[in-house]
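[1] sequence plus the predicted model coming up.
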Amino acid sequence: MIASISSYSNLIYSIGEIVGVFVVGIVVGFVTTIKKKKISAIVQNRKEERAALSHSQVHESLTELRLLVRASRAMVFQFHNGGKFADGSSIKRFSVTHESCGAGVQGMLLESQDVLLTRYKELVDILDTRSNKIIRTSDLPQCSFRYGLEINNVLCFALSPLRCEDGLTPMGFICCHWCDFSELDAVHAEGISENSLGEVICTSAKTINSHLTFGKP
């Protein structure tokens with residue numbers, strides 16, 4: 001009888017141990033899950049804060065660039081994929097992500113989304129061979145790029161490339177527009193050459209480039 005009671009007690013004790021381990025496991029798992037969620041939320045919040053800071057820095061630098069070179073508009077365009085062709089190849093597009101406009105100058109942010117890159121061969125050529133140079137719209141051949149500039153009253157423009165963190169992969173470009181020759185004339189009257197303006201654009205592009213890559217997740 002005593003042996004039976006002892007065996008029964010041992011069984012109860014063993015079951016209690018098993019239940020205890022099971023409960024502890026559940027509690028530990030629950031606590032771990034909560035911690036992971038908290039860590040994930042913190043990481044996500046930091047990413048969002050970093051992206052917001054980057055956006056603010058880009059806009060401030062873009063506005064500073066526009067004021068320094070007395071442009072009517074200064075914009076950041078970024079390349080992205082826009083679906084696939086029937087053969088499976090990627091459709092390359094670009095969109096305005098940041099814009100700074102002078103007083104009374106109409107923005108192009110809404111109309112410059114998901115633009116098909118293959119329609120703007122001249123733009124790509126200029127990025128490769130004449131970046132940071134001030135170019136007259138009238139000097140362009142008749143093409144989609146020229147037409148887009150003319151309907152937005154652009155008399156002169158300059159392009160500066162942006163690259164991903166590897167320093168090689170194209171990320172997009174900065175575009176400055178002048179819609180009034182008087183601003184450029186005033187700059188020239190002050191003895192500032194177009195080469196100097198190009199250097200300012202190049203330097204600002206590097207600053208903006210660093211802000212953009214900083215804001216990437």
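    Here it is on my side, so go on. Numbering: from 1, shown residues only.

[2] I'd guessed Thr207 sits against Ser61; true?
    Yes: using C-beta atoms under 8 Å, Thr207 is in contact with Ser61, at 5.2 Å. Bear in mind the C-beta positions are built from the backbone N, C-alpha and C, glycine included.

[3] and the strands in the chain?
    Along the chain, the segments classed as strands by DSSP state E run 73-84, 90-101, 115-116, 135-136, 156-163, 170-178.

[4] go through the ones you listed and name the closest to Gly148.
    With respect to Gly148, and counting by C-beta to C-beta, the nearest of the strands of the chain is strand 115-116 at 8.5 Å.

[5] and that closest one, what does it pack onto?
    Other elements packing on strand 115-116 under the criterion 3 or more C-beta pairs under 8 Å, 6 or more residues apart in numbering; DSSP states H and E are strand 90-101.

[6] and for the residue nearest to Glu199 when sequence neighbours are not counted, the neighbour number?
    Ranked by C-beta to C-beta, 6 or more residues apart in numbering and with sequence neighbours excluded, the top spatial neighbour of Glu199 is Asn132, at 7.5 Å. Number of residues near Asn132 (other C-beta atoms under 10 Å) recorded here: 22.

[7] settle it for me: which of Thr207 and Ser61 has more neighbours?
    Using other C-beta under 10 Å, the more surrounded residue of Thr207 and Ser61 is Ser61, with 24 against 16.

[8] check contacts around the more buried one.
    Ser204, Thr207, Ile208, His211 (C-beta atoms under 8 Å, 6 or more residues apart in numbering).

[9] so the third one is in contact with Gly172, correct?
    No: counting by C-beta under 8 Å, Ile208 does not reach Gly172; the two are 9.9 Å apart.

[10] residues shared between the contacts of these two?
    Contact criterion C-beta under 8 Å, 6+ apart; residues shared by Ile208 and Gly172: Val76, Leu162.

[11] and the residue lying closest to Asp114 once chain neighbours are set aside, what's its pLDDT?
    Spatial nearest neighbour of Asp114, excluding adjacent residues (C-beta to C-beta, 6+ apart): Arg93 at 5.1 Å. The pLDDT attached to Arg93 in the predicted structure is 92.

[12] before we move on, what about Ala3?
    Ala3 is assigned a predicted lDDT (pLDDT) of 49.

[13] next: Asp185.
    Asp185 is assigned a pLDDT of 90 by the prediction.

[14] how far away is it from Leu155?
    According to C-beta to C-beta, to the nearest Å, Asp185 stands 11 Å off from Leu155.

[15] quick one, which of these two is more surrounded?
    Here Asp185 and Leu155 are compared on neighbour count by other C-beta under 10 Å; more neighbours surround Leu155, at 17 against 11.

[16] need the phi and psi values for that one.
    In this entry, Leu155 is assigned phi and psi values of phi -90, psi -40 (degrees, to the nearest 10).

[17] kindly report the same for Cys164.
    Residue torsions, per degrees, to the nearest 10, at Cys164 are phi -70, psi 180.
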